[in-house]
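**Student:** Pasted the sequence and its predicted model underneath.
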Amino acid sequence: MTGMLDTTAHTSTAPRGSGPARPAAEIVSDVDGPHATRAARIRLLSVSLGTAGLGGAWQAAVTAFPPASQVSDVLFTISGLIWLVLLAQYLRHGGTRWHNLRHDLRHPGDGFTLGYVPIIGMLITGHFSRFELTGARWGYAVFLVLAAFIAARLLAHWLTGTLSTTALHPGYLLPVSSAPFVASAVASGLGLPGVADAAFAVGFLYWLAFGTVILGSLVTGGPLPE
C-alpha cells in the first residue's frame, strides 16, 4: 500500500507551480475508492484487445487456410463479450457520470486506458462488417467520434502542463497514435479510403510528436511509476 501511495503522489495531477500535491486523503481515494474499481475494469480491456489481435492474425491466414475464418470469428466474439462485460462494469461503478469520467481521463496513471474502448469497438466492427457493411460503417463512425473525443480531452489536459514527465510511458501513445492507426486500417477495410488516409496522417503526426517526447523522457528521466 505504501508503494502505491508513493507512486500516485509522484504523478500528482496538480499543475506545475500551482502548489503542493494533492492531499493524502484524495490519493487514498484514488487507490482504494471508486476510481480504482473503474480503472481495474478498463485495464483488463487489454485482454479483449489481445484476443482481437489474435483473431486478426487468424483472419489474415484465411487466404492460405480457409477454416481460419471460423477461428477468427470465435476469437472476435470472445473479445466482444469481454469488452461488453468490462465496459458494463465500468459504467455500473460510476462511469456514466460526467464528473467521474472527467476524473478518470485526467488521472496521470490510468487516463490513457480509456482509449481501449473505441479501439476494440472499431476492430470488432471492422471484422464483422462482411455481414452488414452499412451498419458496420455507422458503428465505426460512432467509435471514431468517441476515439477523437477521448484523444481531444486527454490532449487538452496534457497540454495545460498538468502532467509530470515522470508519468510518461509508451502507453500514452494508445489514444493519440494507436487509435488513429487502427481507425485507418479499419476504414480501409470498410471501403473508406479518404477516412483511412486522414486517420493515418493524424496517427503519424502524434506518433512523431509524442513518441519523441516519451523517448526523451525514457532516456533522460528517472524510473517509470510502478
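**Tutor:** Structure's in. What do you need?

**Student:** And the helices in this structure, which stretches?
**Tutor:** Using DSSP state H, the helices of the chain run over 2-10, 24-32, 34-43, 45-60, 68-90, 98-106, 116-127, 133-157, 173, 179-189, 193-220.

**Student:** and these as CSV, adding mean neighbour count and mean pLDDT?
**Tutor:** C-beta: built from backbone N, CA, C; applies to glycine. CSV is the format used below for those (neighbours: other Cβ atoms under 10 Å; pLDDT from 0 to 100):
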stretch, mean neighbour count, mean pLDDT
helix 2-10, 14, 39
helix 24-32, 14, 45
helix 34-43, 18, 84
helix 45-60, 18, 93
helix 68-90, 17, 94
helix 98-106, 15, 85
helix 116-127, 25, 94
helix 133-157, 17, 92
helix 173, 19, 85
helix 179-189, 22, 94
helix 193-220, 15, 87
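
**Student:** tell me the pLDDT at the spatially most central residue of the chain?
**Tutor:** Nearest residue to the geometric centre of the chain (Cα atoms, centre = their mean): residue 115, 2.0 Å. Listed pLDDT for residue 115 reads 91.

**Student:** ok, for it, nearest residue in space, not its chain neighbours?
**Tutor:** If the residues on either side of it in the chain are set aside, residue 115 comes closest to residue 175, at 3.2 Å by Cβ to Cβ, 6 or more residues apart in numbering.

**Student:** contacting residues for the one you found?
**Tutor:** Contacts for residue 175 (Cβ atoms under 8 Å, 6 or more residues apart in numbering) come out as 112, 114, 115, 147, 150, 151, 154.

**Student:** could you redo those as a markdown table and give each row distance to residue 70?
**Tutor:** Below are the contacts of residue 175 laid out as a markdown table (distance: Cβ to Cβ, whole Å):
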| residue | distance to residue 70 |
| --- | --- |
| 112 | 34 |
| 114 | 32 |
| 115 | 30 |
| 147 | 29 |
| 150 | 33 |
| 151 | 35 |
| 154 | 38 |
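
**Student:** Could you identify the most distant pair in these?
**Tutor:** Farthest apart among these by Cβ to Cβ are 112 and 147. That separation is 12.2 Å.

**Student:** distance of residue 123 from residue 45?
**Tutor:** 12 Å (Cβ to Cβ, to the nearest Å).

**Student:** Repeat that for residue 59.
**Tutor:** Here residue 59 is placed at a distance of 20 Å from residue 45 (Cβ to Cβ).

**Student:** Residue 160 too?
**Tutor:** Distance from residue 160 to residue 45, counting by Cβ to Cβ: 27 Å.

**Student:** Mind listing residues that contact stretch 87-106?
**Tutor:** Contacts for stretch 87-106 (Cβ under 8 Å, 6+ apart): 13, 34-35, 37-39, 41-42, 45, 110-111, 114, 117, 150, 153-154, 157, 162.
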